[in-house]
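*Asks:* Quick one: sequence plus predicted model below, questions after.
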Amino acid sequence: MSRKAIILSAGQGKRLLPFTAQRPKCLLPLGGRTVLEWQIAALAANGVEEVVVVTGFEAQAVETVIRARADDGILVRPLHNPFFEVADNIGSCFVARHEMMDGDFVLLNGDTLFHPSLFAEAKTQVDAPIVVTVDHKERYDSDDMKVQLDGRRLVAIGKTLTEEQSHAESIGMLFFSDDGGRIFADALEQTIRREGGLKRWYLSVIDELAGQATVHTANIQGREWCEVDFPKDLPAAERLGTRMWREQVGAPEDGAALCSRAP
């Protein structure tokens, strides 16, 4: 069972401007808490004991939120990525690679808002050193991180997969166990040394590993989550945040419909 989580929260989220002009997207308030606070609360509810938050843009603001929160039973600490302006998210993984070498952990994108029950469902399906959490829908667009499957085995992952190859999408939640973390960290180091390596997504490393080792998937279809990436994502994310807030404080539902993902 994953006792540690690494959250990649270094980016500004320029596609969310002007909402992220003065704060990173992980600090956008949604339904009473920031995205980061919702993630930490969901992890704590599922037995995660330690969270490493990789910071970058407005790092001091993120560190202030970390210091101000006090969830019992979970340690949260920042890890600064000084390369966030010149590297893609592979840079944040590279900075955190030493956190991946000792024991099981879960790796999260800092813009994935999810209900605690989604995490609970996903972790029951962890049966390989690397497991990518996926959702399914009828059609996938150009910005989706699409996944090609052979049963539960991940064959390929990337935004450029064809319609015929696209069987699911990654939600930005990966579980590593046994030697999965070491395998991923070693591959990160090899990739980042190559020409153009700094500009690659970390999931391109998973795509390469899928051809060398068994990478499985966890299916969370029907569970509630939202990717907070564009202004159009905010209404669904706000509804999910509000739903979780009502569950926490025991307030009645208002009957508003909720999306399982951003439209």
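*Replies:* Done, it's in. Numbers count the residues shown, from 1 in each chain.

*Asks:* For the stretch 51-200 of the chain, which segments count as strands?
*Replies:* For the stretch 51-200 of the chain, the strands defined by DSSP state E, counting those that start in this stretch cover 75-80, 105-109, 112-114, 130-135, 146-150, 153-158, 168-176.

*Asks:* Can you check which of the ones you listed gets nearest to Gln22?
*Replies:* strand 75-80 (18.7 Å; C-beta to C-beta). Quick note: C-beta positions are derived from backbone N, CA and C, even for glycine.

*Asks:* Tell me the buried residues in that closest one?
*Replies:* Val76, Pro78, Leu79, His80 (16 or more other C-beta atoms under 10 Å).

*Asks:* What is that strand packed up against?
*Replies:* Here strand 75-80 touches strand 50-55, helix 59-68, going by 3 or more C-beta pairs under 8 Å, 6 or more residues apart in numbering; DSSP states H and E.

*Asks:* Quickly compare the ones you listed and say which is most buried.
*Replies:* strand 50-55 (a mean of 24; mean count of other C-beta atoms under 10 Å).

*Asks:* what angle do that one and strand 75-80 make?
*Replies:* Computed with axes from the mean of the first three to the mean of the last three C-alpha atoms, to 10 degrees, the direction of strand 50-55 lies at 30 degrees from that of strand 75-80.

*Asks:* any residues touching strand 50-55, and which ones?
*Replies:* Identification of contacts with strand 50-55 by C-beta atoms under 8 Å, 6 or more residues apart in numbering yields 3-10, 26, 36, 40, 43, 62-63, 66, 74-81, 92, 95-96, 99, 110.

*Asks:* Tell me where the stretch 51-200 of the chain is predicted with low confidence.
*Replies:* Per-residue confidence for the stretch 51-200 of the chain (pLDDT under 70) gives these ranges: 70-72.

*Asks:* Pipe the buried residues of strand 75-80 into TSV and attach distance to Val228 per row.
*Replies:* Putting these into TSV (distance: C-beta to C-beta, whole Å) gives the following:
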residue	distance to Val228
Val76	20
Pro78	20
Leu79	21
His80	22
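
*Asks:* Going by distance to His216, which of these wins?
*Replies:* Using C-beta to C-beta, the buried residues of strand 75-80 come closest to His216 at Leu79, 27.3 Å.

*Asks:* for the closest one, what are its contacts?
*Replies:* Applying C-beta under 8 Å, 6+ apart, the residues near Leu79 are Val52, Val53, Val54, Thr55, Val95, Ala96, Glu99.

*Asks:* With Arg193 instead?
*Replies:* So Arg193 contacts nothing (C-beta under 8 Å, 6+ apart).

*Asks:* That one and Ile90, how far apart?
*Replies:* According to C-beta to C-beta, to the nearest Å, Arg193 and Ile90 sit 11 Å apart.

*Asks:* Quick check: phi and psi on the closest residue to His216 other than its chain neighbours?
*Replies:* Closest residue to His216 apart from its sequence neighbours, by C-beta to C-beta, 6 or more residues apart in numbering: Ala128 at 3.8 Å. When quoted as degrees, to the nearest 10, the phi and psi of Ala128 stand at phi -150, psi 160.

*Asks:* Surely Ala128 touches Val215?
*Replies:* Yes. Using C-beta atoms under 8 Å, Ala128 is in contact with Val215, at 6.6 Å.

*Asks:* higher neighbour count, these two?
*Replies:* Ranked by neighbour count (other C-beta atoms under 10 Å), Ala128 and Val215 place Val215 first, with 26 against 21.

*Asks:* Tell me the bridge partners for the more buried one.
*Replies:* Ile130 (DSSP bridges).
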